[in-house]
Structures are given as structure tokens and as C-alpha cells.
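Participant: mind looking at a prediction? Sequence and model below.
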Amino acid sequence: MILRRWEDLPPEMQIPEVKEYYDLLSKKKFQLAVKRIFDIVVSFLLLAVLSPLFVILAIAIKLDSKGPVFYRQTRVTQYGKEFRIFKFRSMVTDADKSSLLTVGGDSRITKTGKFIRKYKLDEFSQLIDVFRGTMTFVGTRPEVPKYVKKYTPEMMATLLLPAGITSEASVYYKDENELLDAAEDVEKTYLEVVLPDKMKYNLAAIKSFSFVDDIKVMVLTVLAVFR
């Protein structure tokens, strides 16, 4: 992936808090290029291998409830660009009209949705986004625009790279829905507790970015899912 010149970044990202992270990444352009090549090759191969599973999931979703196979919510990725993410639908249609956050015992989750969410199968379709370049395998999980507007100046540094399918923060917060389920005010808890804590991991990952670390996070993610 190509890192833009500093002067070509969106104005809201040309701030001192982001510059520190930008300077570190600018010294790792070769590794960033390897990261993008890896994304293209591996996502293409996985899409080919997993295509039968995609068909099975699509049929199960359609038989279980009315609505599309994919949930195409608007998220934010590299440089603050908005895109419509590919996720296998695990909730009833128009579920996000009531809340953008999902808790553990959410009544909006379908029967098939409970299964695919438990094993993270709803995330598999994001391989399409990785191949397209709107996402990467390892990076900060993509937020909705509403929550990106709540970012602190330092958090804006996470937008220097594409949003990711997984991250170290995702591994540690794999049961995030259950954590939010216990909160009295879900949105407040997410914005004031969960998001800042996850961002500590995300920002640290940018500071120490290496392609080898990306591979390690991918392995940890697989192990966490099977546990």
C-alpha cells in the first residue's frame, strides 16, 4: 500500500498528534508494499477456496430471515474515506436503525446470525474488501462515521492505514458484545471505556508496525476463535 505525502493527507489529519505516527510509517514503505501484495494474493486465494462456504452461508441466511445476504454498513477506512463494508448479515433487516452497537443477548440477532457471529463467519466476506483495497487483514477495525467524529487527535493516526479485519485489540476484545451487554449505558461505555482502551492497542501497533507482527496477529486471531 502507498503512504500519501504528508501534504496530501486530509486537513484534519495534518496535525502534530498524527505526524509522529506518519514519520514512523514513512520509514517502512517496503513493508507496507509487502503488506498490500500479501493482502491481494491471500484474499484472492481464500475467496476461491471459501466460495463453497460462502454459498452455504448465503443459503442459510436467506432461509432464516427476510433480507439481503450481505450487510452493507458505511464504515471509515484509510484517510477518512467512507466505504460500504461486506458482512454476512447476522441480524434482522434495518437492525441498525435502533442502535449501531450490538450486545451479547441482542434480540435483533437471527438464529443463523448467532452461529456465524460466534465463529466470526460474518467477517469472512470482508475478504472482498481486502481484495478491493478498502481493508487489510490486520489493522484498526473500521468504525461508523458517527464514532470516528468522536476520535481524539491522536486516534486520527489510525486512519493512516486501511481498516483491518482483525487486530491485537480485536483479539483482546473478542467478547466485546458480552461486555457491553452488562453496561447500563451501552454507547457511553463504548465511547468512554471500550474505544479508548482498544485504541491504545491500535496506536501501539502503528508505532511498532512490521509485516511479521501482522502475521503473528493473524495467528492469534485464529487461535482465539477456536478457543
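Facilitator: Happy to help now that I have it.
Participant: can you report phi and psi for residue 111?
Facilitator: phi -60, psi -50 (degrees, to the nearest 10).
Participant: with residue 173 as the reference, measure out to the residue nearest the centre of the chain.
Facilitator: Centroid-nearest residue in the chain, with Cα atoms, centre = their mean: residue 141, separated by 2.7 Å. Separation of residue 141 from residue 173 (Cβ to Cβ, to the nearest Å): 9 Å. Placement of C-beta: from N, CA and C, glycine included.
Participant: name the residues contacting each of these two.
Facilitator: Listed as contacting both residue 141 and residue 173 by Cβ atoms under 8 Å, 6 or more residues apart in numbering are residue 198.
Participant: ok, residue 69 - contacts?
Facilitator: Contacts of residue 69 by Cβ under 8 Å, 6+ apart are 57-58, 61-62, 88-89.
Participant: nearest residue to residue 110 other than its sequence neighbours?
Facilitator: Excluding its sequence neighbours, the residue lying closest to residue 110 (Cβ to Cβ, 6 or more residues apart in numbering) is residue 65, at 4.8 Å.
Participant: surely residue 75 is in a strand?
Facilitator: Yes - according to DSSP: H, G, I helix; E, B strand; the rest coil, the state of residue 75 is that of a strand.
Participant: what's across from it in the sheet?
Facilitator: Beta-bridge pairing of residue 75 under DSSP bridges involves residue 83.
Participant: ok, now how distant is it from residue 50?
Facilitator: Here residue 75 is placed at a distance of 22 Å from residue 50 (Cβ to Cβ).
Participant: same question, residue 41
Facilitator: 15 Å.
Participant: try residue 156
Facilitator: Distance, residue 156 to residue 50, by Cβ to Cβ: 34 Å.
Participant: who has more neighbours out of those two?
Facilitator: Per other Cβ atoms under 10 Å, whichever of residue 156 and residue 50 has more neighbours is residue 156, with 20 against 15.
Participant: let me see the contact set for residue 15.
Facilitator: By Cβ under 8 Å, 6+ apart, residue 15 lies in contact with 153, 156.
Participant: one step back: could you tell me how many residues sit around the residue nearest to residue 110?
Facilitator: 15.
Participant: check residue 27 too.
Facilitator: Neighbours of residue 27 under the rule other Cβ under 10 Å: 9.
Participant: and the strands in this protein?
Facilitator: For the chain, the strands defined by DSSP state E cover 70-71, 74-76, 82-84, 87-88, 135-138, 163-166.
Participant: neighbouring strands - and their directions - for the last one?
Facilitator: Meaning strand 163-166. strand 135-138 (parallel).
Participant: what lies in contact with the partner strand?
Facilitator: With contact meaning Cβ under 8 Å, 6+ apart, strand 135-138 is reached by 1, 35-36, 38-39, 42-43, 77, 85, 126, 129-130, 142, 161-167, 205, 213-214, 217-218.
Participant: return a PyMOL selection command for the buried portion of the residues you listed.
Facilitator: Buried members of the contacts of strand 135-138, defined by 16 or more other Cβ atoms under 10 Å, are picked up in PyMOL with:
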select buried, resi 35+38+39+43+77+85+126+129+130+142+161+162+163+164+165+166+167+205+214+217+218
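Participant: tell me which of the contacts of strand 135-138 fall in helices.
Facilitator: Per DSSP state H, helices hold the following members of these: 35-36, 38-39, 42-43, 129-130, 205, 213-214, 217-218.
Participant: what is the most widely separated pair among those residues?
Facilitator: 129 and 213 (21.2 Å; Cβ to Cβ).
Participant: what about this structure, any weak spots by pLDDT?
Facilitator: 95-105, 174-175, 177-178 (pLDDT under 70).
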